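Chemist: mind looking at a prediction? Sequence and model below.
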2 protein chains.
Amino acid sequence: MALQQDIKVAVDAVVFGYESKGNLSVLLIRRGVDPFKNTWALPGGLVLEHESLEAAVKRELKEETGVTMDYLEQLYTFGKPKRDPRNRVVSVSYFGLVRPNHFKIKADTDADEAKWFPVNDLPKLAFDHKTIFNTAEKRLKGKLLYQPIGFDLLSAEFPFSDLEHLYATILGQDIDRRNFRKKIMSFGFVEETNKIQQVRSGRPAKLFKFNKQKYDALLDNGFYFDIKFV
Amino acid sequence: MALQQDIKVAVDAVVFGYESKGNLSVLLIRRGVDPFKNTWALPGGLVLEHESLEAAVKRELKEETGVTMDYLEQLYTFGKPKRDPRNRVVSVSYFGLVRPNHFKIKADTDADEAKWFPVNDLPKLAFDHKTIFNTAEKRLKGKLLYQPIGFDLLSAEFPFSDLEHLYATILGQDIDRRNFRKKIMSFGFVEETNKIQQVRSGRPAKLFKFNKQKYDALLDNGFYFDIKFV
């Protein structure tokens, strides 16, 4: 193969945010440069020649939003010839899920502003970023059905309703609570503690915790969670 | 972002082959050019500036092996800085599964030879192609558990043992036949015909066929196939 070609390689990050009492959100930046100046977009940018794709996406995310993440999962590579008006740019996209209140947001470099948006109320996005977002959202929902989730998103000890709320929020649908609880407990990555949480209204709730060892084993091996909705 | 960067974009194809009486194989080419001249490798090469990634992988596959495919699925993008000794090259990899005897293999352009190799007896591969192959093999096996397979790989009407053999060959393990049959029939994408196939040895076998409508619905919606091995 001849090594003549003028295509650039970029990375983009779809960082979802989950708050225990809130909606699912996504971290966007308002572009400070052309093209699409002032339009909201996913954080991202060109890969430097000596850094890995993973290092590039973490660097761009940190530069443009102030958010530091240890790990982002590769999502898909978008390469339509006209997706960037300047030059052919292929974007390797990544995604992750965090607690927004664990991070201080600070826009810099190519971003004039960085902000969490509820996923069901997104502004118009630059480039083909809506397509990238849609792909990430579909993948995130799909993952819930074969991998455990929540270890970094819930407190060390939590009422069961917090876990339920997490799934319902990401899936964007109400779930059958009795069926959900029975199945979660059968997987073994969540266990009861002896503790009770006093809540302001309603009856006290038993607290649960994750079993890290079983959680990690299920991350590797997967399961199938046939979630029932109401 | 500044548009200065010298990274090339390539595509590579992992084409698996399934023969009804054979092993799972993969289509490789022997490189006719440096680097790795004479070493076996996945078919692939640089993306042209005005073609999509999908068009590029189909073109490279056809040029180097003579194989024409309508569809290849994107697998993963490999981008380690030193994976190509000439230049930084990011490879967007694709995979697919075909019947080798449906194609006439013919090496050309950068390939001196093209050949099917049994997946459990691969030669040493160029670049990081063993890693790409391993990723594809894992993905292919994983897909069997949540999507139907076989429509383009088996005859229009087939004895049930052909479908069993397909799964066992791809998974590389013997499966529990009774459990397999019960589950396949419960998904609804395979149905009995009234026909019987006379076989040389053993008792005549009932023939089965795919229900295209249910097959396609399951491709979209997925299922979970908890295959039991022996």
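Modeler: Looks like it arrived, so ask away. Residues are numbered from 1 along each chain as shown, chains lettered A, B, ... in the order given.

Chemist: and the longest helix anywhere in chain A, which residues are buried?
Modeler: Counting by DSSP state H, the longest helix found in chain A is helix A:129-143. By 16 or more other Cβ atoms under 10 Å in any protein chain shown, the buried positions in helix A:129-143 come out as A:H129, A:I132, A:F133, A:T135, A:A136, A:E137, A:L140, A:K143. Heads up, the C-betas are built off the backbone N, CA and C, glycines and all.

Chemist: could you dump those residues into a markdown table with distance to B:F225 and pLDDT added?
Modeler: As requested, these are arranged in a markdown table below (distance: Cβ to Cβ, whole Å; pLDDT from 0 to 100):
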| residue | distance to B:F225 | pLDDT |
| --- | --- | --- |
| A:H129 | 35 | 98 |
| A:I132 | 30 | 98 |
| A:F133 | 30 | 98 |
| A:T135 | 25 | 98 |
| A:A136 | 26 | 98 |
| A:E137 | 25 | 97 |
| A:L140 | 23 | 96 |
| A:K143 | 18 | 91 |
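
Chemist: show the pLDDT at A:L3.
Modeler: The model reports A:L3 with a pLDDT of 63.

Chemist: next: A:Y76.
Modeler: pLDDT, A:Y76: 98.

Chemist: equivalent analysis for A:K141, please.
Modeler: 93.

Chemist: contact partners of the longest helix of chain A?
Modeler: With contact meaning Cβ atoms under 8 Å, 6 or more residues apart in numbering or on different chains, helix A:129-143 is reached by A:12, A:14, A:16, A:26, A:41-42, A:75-76, A:78, A:91, A:93, A:95, A:97, A:119, A:122, A:124-125, A:149, A:170-172.

Chemist: and chain B, which of the residues you listed contact it?
Modeler: Filtering the contacts of helix A:129-143 for proximity to chain B by Cβ under 8 Å from any Cβ of the partner chain leaves A:Y76.

Chemist: the contacts of helix A:129-143 in strands, which ones?
Modeler: The strands, defined by DSSP state E, take in A:D12, A:V14, A:F16, A:V26, A:A41, A:L75, A:Y76, A:F78, A:S91, A:S93, A:F95, A:L97 from those.

Chemist: residue numbers of chain A in contact with chain B?
Modeler: Along chain A, the residues adjacent to chain B under the rule Cβ under 8 Å from any Cβ are A:1-3, A:5-10, A:33, A:45-53, A:74, A:76-77, A:79-81, A:86-88, A:90, A:92, A:110, A:146, A:224, A:226.

Chemist: follow-up on the earlier one: could you identify the helix or strand that succeeds the longest helix of chain A?
Modeler: The helix or strand immediately downstream of helix A:129-143 is strand A:158-159, counting by DSSP states H and E.

Chemist: if we go by neighbour counts, what in stretch A:72-85 is buried?
Modeler: Buried positions in stretch A:72-85, judged by neighbour count with 16+ other Cβ under 10 Å: A:L72, A:Q74, A:L75, A:Y76, A:T77, A:F78, A:G79, A:K80, A:P81, A:R83, A:D84.

Chemist: let's have those residues in JSON lines, adding distance to A:T193.
Modeler: Below are the buried residues of stretch A:72-85 laid out as JSON lines (distance: Cβ to Cβ, whole Å):
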{"residue": "A:L72", "distance to A:T193": "32"}
{"residue": "A:Q74", "distance to A:T193": "36"}
{"residue": "A:L75", "distance to A:T193": "35"}
{"residue": "A:Y76", "distance to A:T193": "39"}
{"residue": "A:T77", "distance to A:T193": "43"}
{"residue": "A:F78", "distance to A:T193": "44"}
{"residue": "A:G79", "distance to A:T193": "49"}
{"residue": "A:K80", "distance to A:T193": "51"}
{"residue": "A:P81", "distance to A:T193": "55"}
{"residue": "A:R83", "distance to A:T193": "50"}
{"residue": "A:D84", "distance to A:T193": "51"}
